[in-house]
Structures are given as C-alpha cells and as structure tokens.
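1. one predicted model, sequence on top.
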Amino acid sequence: NVHMDNTCKATPSSDVELYIEFATAIPSLILYGLLFVVYCRRRHISPTTFVVLPSLYSAFLHREFYLKNPNNIVYFISRAILMRVTSFSFLCQIVLDHFGEFEHTFTPVYFIYHYSQHAQSISIIALNINRVLAIYAYNSVTIRYYSTHVLLFSIFFIPLPLTWHLLLSPVKFMPSPPLLTMDYIRVVTYPALSILHLIVDCTATGANAGTAILILARLKTLQNRRKTNERSLIFMSLLLSFGLSLSALVQYLIYSLPRGSDWNYITLNRRWIITNFVSLFPPWSLILLSSSVRAEICSLLRLDQPPILLHSPTARTLRSTNSKALQ
C-alpha cells in the first residue's frame, strides 16, 4: 500500500465523464426493469426461443423454467456506489476525509461488487452450457431440468470461494486522479483480485467460443425458427466474448502496471466503458434482434391488456363459453 496524498483531484469538468456514464447506464437499467415486468406480466414469449439474452444474468430462462438472477443490476449499483457517485467533485473530498483510512464500513459493498462481477461471467458460462444441452439433449427432460438447477446453483456458489476473504478485509477510498478508487488489505493470503477476475473472464470467453462451435455444428438440424434464434445468440455471444476479452485485458493491466503510474490511472478510470458494455448491452441487443420482445415492450408502454393466448386456459374457457352460447 503506497502512501498517497488524500487530496481529491476531481473538478466540475472531470464530472462530465461521470454524467456521460450515468446517462448511458440509467436507460439500460430502466430497460432491464421493463423486460422483467414483461416476463412477469405476459409470460408468452416462448422460452424455447431462448429469449433470455435480454438480461443474460438478470433472467435465466429455459422452457417452462424461469428464475431471476439480477447479477448485472447488483454489480452496476455496487460499482456506482463505490467508484462512480463518490467520484463527483462535490462528494470526492468528503468521502476521502471520512473513509480514506482502512476500515470495515464499505467492506460488505466491496465484497458484493466483486462477487456480482464474478457471478456475471459465470452466468455467461452457465447460459451457454444450458443452450448446448437444450440442443444436444433436447429429448431428455431429466437432463434439462436438473442441469438448469445445477447451473443456477453454480452462478451463486462459485463466486464465494473467489471472494469470501474480502468479508474480512478493511477497505478504503483512495485517489485515482481525477476520480476515486478503492484498496483493501489482504488479511488472508490469496491471489490478487485482478488475477482471479482474469481467470474467470478468460474462462467465460473460452466457453462462449466453444459454445458457438458446438451450436454451429448442429445448426443445420434445427428448425428454421430456432435456427434464426441461435444465429442471433451466436452473434451476441461473439460480441460478449469481445467484451470479456477486453475485460480480461484490463484486469491484466491493473495487475501488471506499476501502482500510481499514469497508465494505471488511465486503466482504472476508463474501464467503465468495457464493464458497461458487458453489463448493459444485452437488453439492447435483444430489442434489436427480437421482434416479439419489441412488440411486448411497446404493448407494455401503451398499457395494453395482456392478449389471450390461443392455447391458454383463459382462451379455452372463453371458447367453451362462446360455444355454449351459440348452442
């Protein structure tokens, strides 16, 4: 831990970048909320189309099985509290004066920040495994059912061995001119956080690439509609792989660059561009690539009543009632 002058370097002009970041992030968070409401309100976007990429991590969807897994939103909010809101010029010095020494006040949030970041990457791996099993084990309900539960459990469990030691570590805010960052004391002898993130990000990138190859090998055997959906998912997976590879590069630079160097500051202060891309691009990609989701969102914004499904219990009841009335 290098001794540093606890003087905030943020100015109103440096706040512009923070305003830009929040201006791009807040609409994405609103869209996450809209997609969540659509799923809960309608539930007739067929899960067999794998319309799960919207939230990649905030929705884990497979056939009749639907669970919410809001890692993206938790990660962004924890990062916003720790690194971004505190860096505004009108708060920066106040935060340094009160929390510029090692203590446990922000330890839980610091743990959640890293835990949810790992959970994001592992969610990508789990979703890709789920997609492959849905194609290669299409006729096995048992495999699909139990594998989904195992994968969902893995999303929440695997990050724990990677981050549990942070619950014991005091943390502090420190200048990363012109913004703020955080440092921690490694109470338990453990690999550096950047190394752990580098390993997980590289694994998720490899899983994305491997999944794309396996799905392409079976693409010709799929029905036309599923074939179109899988092509879209492969396209988005490649974009996510690109984002994850950049994220891994950032983690490597954070680990390898000298602490306090100009390039270290630049890496720390500009990584939000990559993390926002990986965290917040999935819902927009779904809006662009799925006409059914676009229709649902438009319907929700117009406050339309949920349409009656052709084969839903309500539809069957109405058909029966109309038939009796005609008789």
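-> In hand now; what should we look at?

2. could you dump the helix or strand hosting Cys298 to PDB, C-alpha only?
-> Secondary structure from DSSP states H and E places Cys298 in helix 291-301. Output of helix 291-301 as PDB, limited to C-alpha atoms (Å, rounded to 0.1, in the frame of the first residue of the first chain):
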ATOM      1  CA  SER A 291     -39.400  -8.500 -32.900                       C
ATOM      2  CA  SER A 292     -41.600 -10.300 -30.300                       C
ATOM      3  CA  VAL A 293     -39.800  -8.600 -27.400                       C
ATOM      4  CA  ARG A 294     -40.100  -5.200 -29.200                       C
ATOM      5  CA  ALA A 295     -43.800  -5.800 -29.500                       C
ATOM      6  CA  GLU A 296     -44.100  -6.700 -25.800                       C
ATOM      7  CA  ILE A 297     -42.300  -3.600 -24.700                       C
ATOM      8  CA  CYS A 298     -44.400  -1.400 -27.000                       C
ATOM      9  CA  SER A 299     -47.500  -3.000 -25.700                       C
ATOM     10  CA  LEU A 300     -46.400  -2.500 -22.100                       C
ATOM     11  CA  LEU A 301     -45.600   1.200 -22.600                       C
END
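
3. can you list the buried residues in it?
-> The neighbour-count check on helix 291-301 (16 or more other CB atoms under 10 Å) flags Val293, Glu296, Ile297, Ser299, Leu300 as buried. All C-beta spots, glycine's among them, are computed from the backbone N, C-alpha and C.

4. if I look at the spatially most central residue of the chain, how far off is Phe106?
-> With distances taken as CA atoms, centre = their mean, Asn72 lies nearest the centre of the chain, 3.2 Å away. In this structure, Asn72 and Phe106 are 21 Å apart, going by CB to CB, to the nearest Å.

5. what of Val188?
-> 18 Å.

6. what about this structure, any weak spots by pLDDT?
-> Across the chain, the ranges flagged by pLDDT under 70 are 1-4, 39-71, 144, 222-230, 232, 290, 303-327.

7. buried ones in the host helix or strand of Leu29?
-> Using DSSP H and E, Leu29 sits in helix 15-41. Using 16+ other CB under 10 Å as the test for burial, helix 15-41 gives 15, 17-18, 21, 25, 28-29, 31-32, 34-36, 38-39.

8. would you format those residues as CSV with distance to Ser194 included?
-> Converted to CSV, the buried residues of helix 15-41 look like this (distance: CB to CB, whole Å):
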residue, distance to Ser194
Asp15, 27
Glu17, 23
Leu18, 23
Glu21, 21
Ala25, 23
Ser28, 26
Leu29, 26
Leu31, 30
Tyr32, 27
Leu34, 35
Leu35, 32
Phe36, 32
Val38, 37
Tyr39, 35
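
9. ok, Val188 and Phe106, which is more surrounded?
-> Phe106 (21 against 10; other CB atoms under 10 Å).

10. can you tell me the distance between the two ends of stretch 186-193?
-> 10 Å (CA to CA, to the nearest Å).

11. how far off centre is it?
-> 25 Å (CA atoms, centre = their mean, to the nearest Å).

12. show me what that stretch is in contact with.
-> Surrounding stretch 186-193, the residues in contact under the criterion CB atoms under 8 Å, 6 or more residues apart in numbering are His114, His165, Leu168, Ser169, Pro170, Tyr255.

13. among those, which one has the most neighbours?
-> His114 (20 neighbours).

14. gap between that residue and Glu17?
-> 23 Å.

15. please apply the same query to Val37.
-> Per CB to CB, Val37 is found 31 Å from Glu17.

16. check Asp201 too.
-> 24 Å.

17. what are the boundaries of the strands in the stretch 151-300 of the chain?
-> In the stretch 151-300 of the chain, the strands defined using DSSP state E, counting those that start in this stretch lie at 171-176, 179-184.

18. taking strand 179-184 as reference, get the angle to the longest helix seen in the chain.
-> For the chain, the longest helix by residue count, based on DSSP state H, is helix 224-256. Per axes from the mean of the first three to the mean of the last three CA atoms, to 10 degrees, the angle that helix 224-256 makes with strand 179-184 is 80 degrees.

19. who does helix 224-256 touch, helix- and strand-wise?
-> helix 107-136, helix 193-218, helix 262-270, helix 272-289 (3 or more CB pairs under 8 Å, 6 or more residues apart in numbering; DSSP states H and E).
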